[in-house]
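Colleague: Have a look at this fold, sequence not included:
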Ligand code: ZN
């Protein structure tokens, strides 16, 4: 395989960067993780790793699935930048430009959740669907949407975590932790919001604790909102909070109740766990690389 062109991938997260090279999106040859520090050191370490992989073959393109917000408009001179993140040092970081210059390869670039949505659409839970949404419920809540085979960008990119759900009747006191909106979905249902409210992660709370019902209700509201607004066929629910035992079943049940026989149809088929597990983001970055390859 020496000399065969390879695809590179970066899943750029707020706490770690996951790097990989592969011959195709579903064939990862090597994988490496680095801690996310400031952009200077993190981007240099990532580029060094790719340069160290040259014995496996030359890189034909690099895909980056990044935490955001990011600029996705190809017509903008800020395309490929992380924009106004509160993460220290990363605002206005030209992440795509850095790797284009260091590695001299074409760059594919999108949000981490659009990357994961693309990966699940092509190789995972969405293999039989024409449209798919990927939602992650973890440190934050985000979502990506693939319609007709392409990720939806719009004016920038969807920010599904920041919708405003109807408050659960047993959750009227908590003010929420979103620094922008307080009690948007992320402010009420992400991992840190659960910890702030009940002093433990959802998986640490006993199954009869009301937190399970409350969080399932909020996530089900997002699922139904997505189906109502986009008519998406498949909704994949990933992220650390979704690994809680029984949560997916509770979300399905609540989505069916809220849908009241109107939508979302068969929740066992339309609301799914990620088929690619924790590899969705990285696989998505390889899909982005494949699309950028010239
Ligand atoms: Zn918010």
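Modeller: Done, it's in. The model shown is predicted, which means the values in this text are computed figures rather than measured ones. Residues are numbered from 1 along each chain as shown.
Colleague: domain ranges for the protein?
Modeller: The chain is divided into the following domains under automatic domain parsing: 6-111, 125-274.
Colleague: the strands in this protein, which residues?
Modeller: 6-12, 16-24, 27-35, 59-66, 81-82, 93-94, 107-111, 131-137, 141-147, 150-151, 234-238, 271-272 (DSSP state E).
Colleague: quick one on the thing from earlier: out of the domains of the chain, which is closest to residue 289?
Modeller: Distance to residue 289, taken as Cβ to Cβ, is lowest for domain 6-111 among the domains of the chain, at 3.3 Å. No exception for glycine: its C-beta is placed from N, CA and C like everyone else's.
Colleague: Determine how far the last residue of that closest one lies from the first.
Modeller: This stretch, domain 6-111, spans 22 Å end to end (Cα to Cα, to the nearest Å).
Colleague: Going forward, count from 308.
Modeller: New numbering, starting at 308: the last item is domain 313-418.
Colleague: Can you name the residues that contact the residue positioned nearest the centre of the chain?
Modeller: Nearest to the geometric centre of the chain sits residue 420, at 2.4 Å (Cα atoms, centre = their mean). Under the criterion of Cβ atoms under 8 Å, 6 or more residues apart in numbering, the neighbours of residue 420 are 441, 442, 443, 449, 450, 451.
Colleague: mind running it again at 7 Å?
Modeller: Neighbouring residues of residue 420 by Cβ atoms under 7 Å, 6 or more residues apart in numbering: 441, 443, 449, 450, 451.
Colleague: again with residue 341
Modeller: Contacts of residue 341 were listed using Cβ under 7 Å, 6+ apart, and they are 323, 324, 349, 352, 353.
Colleague: one more time with 8 Å, if that's ok
Modeller: Contacts of residue 341 were listed using Cβ under 8 Å, 6+ apart, and they are 323, 324, 326, 349, 352, 353, 356.
Colleague: next one: residue 323
Modeller: Taking Cβ under 8 Å, 6+ apart as the definition of contact, the neighbours of residue 323 are 340, 341, 342, 343.
Colleague: of these, buried ones?
Modeller: Neighbour counting by 16 or more other Cβ atoms under 10 Å classes 341, 343 among these as buried.
Colleague: quick revisit: looking at the strands of the chain, spot the one closest to the ion.
Modeller: Put simply, out of the strands of the chain the one that sits nearest the ion is strand 448-454, at 8.7 Å, with distance taken as Cβ to the ion.
Colleague: now for that closest one, which elements pack on it?
Modeller: Judged by 3 or more Cβ pairs under 8 Å, 6 or more residues apart in numbering; DSSP states H and E, strand 448-454 is in contact with strand 414-418, helix 419-430, strand 438-444, helix 492-496, helix 517-537.
Colleague: just the angle between the longest one and strand 438-444, please?
Modeller: Between the axis of helix 517-537 and that of strand 438-444 there is an angle of 150 degrees, by axes from the mean of the first three to the mean of the last three Cα atoms, to 10 degrees.
Colleague: Give the buried residues for helix 517-537.
Modeller: Neighbour counts using 16+ other Cβ under 10 Å place 518-519, 521-534 of helix 517-537 among the buried residues.
Colleague: so where's this structure uncertain?
Modeller: In the prediction, the chain carries residues with pLDDT under 70 at positions 308-311, 571.
Colleague: re the thing from before, which stretch among the helices and strands packed on strand 448-454 comes nearest the ion?
Modeller: Shortest separation from the ion across those is recorded for helix 492-496, at 5.0 Å, computed as Cβ to the ion.
Colleague: what packs against the closest one?
Modeller: For helix 492-496, the helices and strands in contact under the criterion 3+ Cβ pairs under 8 Å, 6+ apart are strand 448-454, helix 517-537.
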